[in-house]
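Visitor: mind folding the following:
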Amino acid sequence: NKNDLPDSDNDIINTENSSVSPEDDKNTEEDFSDENISDSNITDFMEVSEKNNRERLKQIIATLGKHKAIESLITSKHPERIKDAFEELGPTFIKMGQMLSTRSDLIPEALAEEFKKLQDNVKTDDFCVVKSIIENSFGVPVNDIFKTFDETPVASASMAQVHAATLKDGTKVAVKIQHAGIKSMMLNDIALFEKALPFFKIAPTSKIMDPVALVKELKKSCENELDFTVEAKNIHLFYKNNSNLDYMECLREYPEYAREDILVMDFVNGIKITEIDELKAKNYDIKKIAQNLVNNYMKQAFEDGFFHADPHPGNIVVRDGKITFLDFGMMGVMSDSTLKRLNDLLYSIYIENTEEMTNAVLKLCIKKGPVDREKLNSEINDFYYTYIDGVSLKDMKFHIVIAKLTIICAENNLSIPEEVTMFMRGLLNIV
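Guide: Below you'll find the predicted structure:
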């Protein structure tokens, strides 16, 4: 129920779009060189006492320069350079890239696809570190909180690792524990990334996100995802919205154990939604599961106005024939007004009226500059008859349809709202 949504913007991942300076793209390859990066330059931005920060800032600037990453971001060319730079810069930038891979409202589609290739390569924290984090948060020994606690994690990613445990009453749970020091490291790296940008002569075009605004958006998202009490609230609301469905098994969180760096929830050991052979071996009805998954995702967005924004195959499992979503760090929220405008767009497609499609796009999108309505209408008309007209839902290439519509909007100074982009990309993973 949308009335149950958290009141505070900080309770959910829900960033706002920022405007772009419509300046001419005057950048040259020399503007993005890593030459002349000296300690004296760095000191202009950092206090002398912050030696580690100076060295890290210099490393960030040099790496971005070596791969010509800022040039690629501004010109929307060679997105693999940006991915390679982020990979070389380590966990913070890998996580930033993974988060941005779902945000084609902020970055070009080609870059979003490159960021999907980023892989976590993070060492797990030793149990002594995990034990210390838990005991410092709760003020009592681990054995006073849990009946059992597996020392070896069952999963680990850039921000956290997960351990199996049992509560004192015997309930089996998963304990998600933030990596030691990861929050300060990530926020510090983002702050240094902000400081690195002035070293490059940047003249953003009107067709992509200004890197300065992009980093600001990224910082807000990271701060939310690094606070596990936000994820706990997301799990609770998702459970409230979906636990009554007989084809869903929803995680429960245990609020008495929720901390900024610790999350305790139900332990689910299911089969990944993409493991078709395993699902068939269990005699599950694959077609029915697929229909239920699509129906539920549409319900999340259009009825609840609260949907899972990262439904990749690793985050959806099947157990006892029921669907379970995992990892609620990134959620989307649809307002009533956005839902109405999105419905208007879908209806215009249904009635095959490209003039109404143009009207709906203009109402839905955020204007970033002047819009030539005649040009936009012509491009939407071509888009409809090339990719949609006469094509069945079964044969429609949704990833191409969404990518082309996003490009048309960007080239006409229009930005699709973040929540709509998140939903469309989530839907791509589902269908």
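
Visitor: contacts only, for Thr152.
Guide: In this structure, Thr152 makes contact with 127, 163, judged by Cβ atoms under 8 Å, 6 or more residues apart in numbering. For every residue, glycine as well, the C-beta is placed using N, CA and C.

Visitor: list phi and psi for Phe325.
Guide: According to degrees, to the nearest 10, the main-chain angles of Phe325 amount to phi -90, psi 140.

Visitor: so who does the closest residue to it other than its chain neighbours touch?
Guide: Counting by Cβ to Cβ, 6 or more residues apart in numbering, Phe325 lies nearest to His308, which is 5.2 Å off, once chain neighbours are set aside. When contacts are counted by Cβ under 8 Å, 6+ apart, His308 touches 238, 297, 300, 315, 325, 328, 330-332, 426.

Visitor: okay, and which of these map to helices?
Guide: For the contacts of His308, membership in helices holds for 238, 297, 426, with DSSP state H as the criterion.

Visitor: and the strands in the stretch 301-431 of the chain, which stretches?
Guide: For the stretch 301-431 of the chain, the strands defined by DSSP state E, counting those that start in this stretch occupy 306-308, 316-319, 322-325, 331-333, 366-367, 414-415.

Visitor: any idea how far the third one is from the chain center?
Guide: Read it as strand 322-325. Between the mean C-alpha point of strand 322-325 and the mean C-alpha point of its chain there is a distance of 20 Å (Cα atoms, centre = their mean, to the nearest Å).

Visitor: tell me which other helices or strands it touches.
Guide: Packing partners of strand 322-325 (3 or more Cβ pairs under 8 Å, 6 or more residues apart in numbering; DSSP states H and E): helix 286-299, strand 316-319.

Visitor: tell me the buried residues in the first one?
Guide: Same thing as helix 286-299. By neighbour count with 16 or more other Cβ atoms under 10 Å, helix 286-299 contains the buried residues 289, 292-293, 296-297.

Visitor: let me see the backbone angles for the residue nearest to Pro91 when sequence neighbours are not counted.
Guide: Leaving aside its sequence neighbours, Pro91 sits nearest to Ser158 (Cβ to Cβ, 6+ apart; 4.9 Å). Its backbone dihedrals place Ser158 at phi -70, psi -30, with angles given as degrees, to the nearest 10.

Visitor: quick one, grab the pLDDT at Leu346.
Guide: Leu346 carries a pLDDT score of 91 in this model.

Visitor: what separation do you get for it and Asn292?
Guide: In this view, Leu346 and Asn292 are 21 Å apart by Cβ to Cβ, to the nearest Å.

Visitor: Glu275: neighbouring residues, count only.
Guide: 15 (other Cβ atoms under 10 Å).

Visitor: whoops, I mixed them up, Lys397
Guide: Other residues within reach of Lys397, judged by other Cβ under 10 Å, total 11.

Visitor: pretty sure it contacts Tyr387?
Guide: Yes - with contact taken as Cβ atoms under 8 Å, Lys397 and Tyr387 are classed as touching, separated by 7.4 Å.

Visitor: return the most buried member of the strands of the stretch 301-431 of the chain.
Guide: Mean neighbour count, computed with mean count of other Cβ atoms under 10 Å, is highest for strand 306-308 among the strands of the stretch 301-431 of the chain, reaching a mean of 26.

Visitor: return the distance of that strand from the chain's centre.
Guide: Put simply, strand 306-308 sits 12 Å off its chain's centre (Cα atoms, centre = their mean).

Visitor: ok, stretch 390-399 next?
Guide: Between the mean C-alpha point of stretch 390-399 and the mean C-alpha point of its chain there is a distance of 25 Å (Cα atoms, centre = their mean).

Visitor: got the CA coordinates for it in CSV?
Guide: Taking only C-alpha atoms (Å, rounded to 0.1, in the frame of the first residue of the first chain), the coordinates of stretch 390-399 have been written out as CSV:
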residue,chain,number,x,y,z
GLY,A,390,3.0,-5.4,-35.8
VAL,A,391,5.4,-7.0,-33.3
SER,A,392,3.9,-9.4,-30.7
LEU,A,393,4.9,-9.2,-27.1
LYS,A,394,6.6,-12.6,-27.4
ASP,A,395,8.8,-11.4,-30.2
MET,A,396,9.4,-7.8,-29.0
LYS,A,397,13.0,-7.0,-28.2
PHE,A,398,12.3,-5.0,-25.1
HIS,A,399,16.0,-4.0,-24.4
